[in-house]
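Colleague: Fold the following.
(2 chains)
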Amino acid sequence: MTAPRVRIAPSPTGPLHIGTARTALFNYLYARHTGGTFVLRLEDTDQARGSLAYEKDILDGLHWLGLHWDEGPEVAGEAARGPYAPYRQMLRLPSYAEATERLLAVDAAYPCYCTPDELDADRKAQEAAKEPPRYSGRCAALTADERAARVADGRTAAIRFRVGSGVVAFDDIVRGRVEIDVSNLGGDFVIVRADGTPLYNFTVVVDDAAMDISVVIRGEDHLSNTPKQILLYRALEHPVPQFAHLPLILNPDRTKMSKRKSQTAVSDYIAEGFIREALVNYLALLGWATGTEEEVLSIDEIAERFDLSAVHKGGAVFDRERLEWLNGQWIRRLDPDDLVDRLRPFIEADLAAGRIDIAPTDEELRALLPVITERLPTLGAIGDLVGFLWVRDLAYDPALLVPKRWDEATAGEALRAARTVIAETGAVAFEADELEPPLRALAETRGWKVGDLFMAIRVAVTGRTATPPLFDTLVALGRERALERLDRAIAALQEGSVPR
RNA sequence: GCCCCCAUCGUCUAGAGGCCUAGGACGCCACCCUUUCAAGGUGGAGAUCAGGGGUUCGAAUCCCCUUGGGGGUACCA
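Modeller: Presented below is the predicted three-dimensional model:
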C-alpha cells in the first residue's frame, strides 16, 4: 500500500474555526503517523462570502498550531509547493469545466433550465404534500430541440448530475459500513450553477481525485454528502478514496459547536494566551484517546500513538475548563526563555491598552518566572497576576490595608514598623531570604499574626489581597518602589480615609 | 416530515463477553502543605454503563425494539 494522501480544505469564509483546526489536526496526525502526505487546499470559490483576511487568519492559525502542510498554495510570501498545483480552487476552474464536459458527454449530467421560482414552487408543493423535497426531474429528459428552445428563450442552465438508483455503500474508517439508498438523495443535484461556477460536492471530488487524495478525513456533518460524492467519483471513473468522518465538537447543549453559543475562533484562544501545545493536546483528545492513562502529550507523542479507527463516533462537548488545565500544564513545561518570549506580546498588549505603564525587561521577567508560572492559567493572565509591578500609581481601596482582626491604628503602626525593617534590611541585600526573617520576628515581638502583617504589607505594595509570594514580590518591585508604596499606604491610613 | 448517525460519572474518556462490586482526567468538596493566591499531595462525592427484550454458564461489551440526542436535507461549504 502506498503512503496515504490526506488533506484539509478550508473555505476562507470566516476565521479559523476550532472545528476546522481539529479536522486539520486529525489529518496531520494521520499523515505523520502513516508517513503520508498532508495537503492544504483552499476552497475559495465562494467569492461572495470569502475574503483574503480570513484566508490569512486560517493559514496563520494552522501554522501557529504547528500543522505544517507538505503541499499547499502560495500564501503570504510562501511559494506553492507540491506536484499537484494549483492548490486553490479559483485557479482550478478549468479542471471543473473539463470534468463537466466529460459528464455531459456521457449524459451523466445534463443542463437544467429550471428557474429559482420554479424550484421554489416545487419545494413548497412538496412541503405542503408532506413529501421530502427533491428535484422534480423536469429537465432530466429534455430533447435537443427543447433545450435549444429554452436557450433561445434566454434561459441559462445549471448542470445537474444524474443520481440514478440503487444503494451506495462505503466502509467509513471510524463508523464502519454506511449504506444509503440513492433515492434519498433528493434527486439529481446541481454541480454547476447557472452562472458557471461549480458547487462544493463537485469541486471536492474533482480536486481530491486530481490530487490523488486517498483518505478523506472530515467532520460528521459531511457524512450525508458522501454518497453523492461517491457517485461522482464513479462517473468520473476515478477510484473512490477511503472516508473517515470525525465526531462533531459540541456546544454545552450538545448541538454542533457554533459561534453563537461558543468561542469558536482559534485566534480568540490565541489572544487569550492559550498555547499551541495545550490546544493541540486538548483537541486531539476530543473524540479520541490513547487507550492509556496518558493525558499530557506533545503533538509528536500524539502522532506516534494516533489511530483513526479508534476515533469515537459520538460528538464531544468542548470543555474550556479542561483546556485551561492543560494550558497550565503546558505553560509549566515550557522552557523559561521560550516562556519569556511568548509572554512578551501580552505585556505589550497591556502596555498599549494602558493597563500598565512600564514594560519589564526580559531579565526582570525571567527572574519572575519561578513564582508566576504556576499561577498562569493563560499567558493573557500575566497582567492580572503581576501587573501591579508595572504601574506607576497603584489604585486600590485603602480599607483592604486593614486585616479583619485589626483596626486602622494597628495597620498603620504595623506598616510603619514594617517600613523601618524593610528599609534597614534592604540596605544590605534586597532579597527574599533577607526580608523574611526580620519581618517574621517583628510580628512575633508585637504579637501580631504573621498572616495579618504580611497581608497589610501585601496590599500596601500590590493593592491586592491575592498575589505571588510576598517577599519575591517585594524583590521584584525593588527597594525604592516598595518603600514608596508603603509610605503612600501609611499616609492613606493617617488621612483617616479608610471606611470601616 | 424524510434520510443518516450516535448513546459509560456534570464534562472528556478507559473498556473490544468473564480482569468491572466500571478505571483515569477536568470540574466540585475536604484535608495536608502554606504569609495570600496558585501549584502540588492525599482522600471523597459523582455512572443501577439511556430503557426494555433477547443470545450466552456469564454482557457496559453481541442482536432486536423503544426512548433520547445529533447531523443532513441549497444553483452554501
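Colleague: quick one: terminal-to-terminal distance for stretch A:39-50?
Modeller: End-to-end distance of stretch A:39-50 (CA to CA, to the nearest Å): 20 Å.
Colleague: no wait, stretch A:454-469
Modeller: Distance across stretch A:454-469, first residue to last, is 10 Å (CA to CA).
Colleague: next one: that stretch to chain centre, how far?
Modeller: With CA atoms, centre = their mean, to the nearest Å as the basis, stretch A:454-469 stands 36 Å off its chain's centre.
Colleague: State the distance from the spatially most central residue of chain A to RNA strand B.
Modeller: Nearest to the mean C-alpha position of chain A, counting by CA atoms, centre = their mean, stands A:Val266 at 2.7 Å. Noted for A:Val266: a distance of 16 Å to RNA strand B, by CB to the nearest atom of the strand, to the nearest Å. C-beta coordinates here come from the backbone N, C-alpha and C atoms, glycine included.
Colleague: Need the pLDDT of that residue.
Modeller: Looking at A:Val266, its pLDDT stands at 97.
Colleague: what sits against it?
Modeller: By CB atoms under 8 Å, 6 or more residues apart in numbering, the residues touching A:Val266 are A:Pro15, A:Leu16, A:His17, A:Ile18, A:Ala21, A:Gly61, A:Trp64, A:Leu65, A:Leu279.
Colleague: got it, and A:Asp57?
Modeller: A:Pro15, A:Leu16, A:Ala265, A:Ser267.
Colleague: Which one of those sits in the busiest neighbourhood?
Modeller: A:Leu16 (27 neighbours; other CB atoms under 10 Å).
Colleague: thought that one was touching A:Pro10?
Modeller: Yes - using CB atoms under 8 Å, A:Leu16 makes contact with A:Pro10 at a distance of 7.3 Å.
Colleague: Could you tell me which residues touch both of the two?
Modeller: A:Ile58.
Colleague: Send me stretch A:383-394 as PDB with only the CA atoms.
Modeller: Listed in PDB are the C-alpha atoms of stretch A:383-394, where the atom choice follows Å, rounded to 0.1, in the frame of the first residue of the first chain:
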ATOM      1  CA  GLY A 383      -1.300  41.500  33.700                       C
ATOM      2  CA  ASP A 384      -3.900  40.400  36.300                       C
ATOM      3  CA  LEU A 385      -1.300  38.400  38.100                       C
ATOM      4  CA  VAL A 386       1.600  40.900  38.400                       C
ATOM      5  CA  GLY A 387       0.600  44.000  36.500                       C
ATOM      6  CA  PHE A 388       0.900  45.900  39.800                       C
ATOM      7  CA  LEU A 389       4.600  45.700  39.400                       C
ATOM      8  CA  TRP A 390       4.500  47.700  36.200                       C
ATOM      9  CA  VAL A 391       2.100  50.500  37.100                       C
ATOM     10  CA  ARG A 392       3.200  53.900  38.400                       C
ATOM     11  CA  ASP A 393       0.300  54.600  40.700                       C
ATOM     12  CA  LEU A 394      -1.400  51.900  42.500                       C
END
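Colleague: Show me what counts as buried in that stretch.
Modeller: The neighbour-count check on stretch A:383-394 (16 or more other CB atoms under 10 Å) flags A:Gly383, A:Asp384, A:Leu385, A:Val386, A:Gly387, A:Phe388, A:Leu389, A:Trp390, A:Val391, A:Leu394 as buried.
Colleague: Next one: the first one from RNA strand B, what distance?
Modeller: Spelled out, it's A:Gly383. From A:Gly383 to RNA strand B the distance is 15 Å (CB to the nearest atom of the strand).
Colleague: could the contacts of A:Asp57 go into CSV alongside secondary structure?
Modeller: Formatted as CSV, the contacts of A:Asp57 follow (DSSP: H, G, I helix; E, B strand; the rest coil):
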residue, secondary structure
A:Pro15, coil
A:Leu16, coil
A:Ala265, strand
A:Ser267, helix
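Colleague: Would you mind measuring from the residue nearest to A:Gly478 when sequence neighbours are not counted to RNA strand B?
Modeller: With CB to CB, 6 or more residues apart in numbering as the criterion, A:Gly478 has its nearest non-adjacent residue at 7.2 Å, and that residue is A:Phe430. From A:Phe430 over to RNA strand B the distance is 15 Å, taken as CB to the nearest atom of the strand.
Colleague: Kindly list the longest helix within chain A.
Modeller: Longest helix in chain A by number of residues (criterion: DSSP state H): helix A:408-428.
Colleague: quick one: the helix or strand following it to helix A:408-428, angle?
Modeller: Note on helix A:408-428: by DSSP states H and E, the next helix or strand toward the C-terminus is helix A:432-446. Interaxial angle, helix A:432-446 versus helix A:408-428 (axes from the mean of the first three to the mean of the last three CA atoms, to 10 degrees): 140 degrees.
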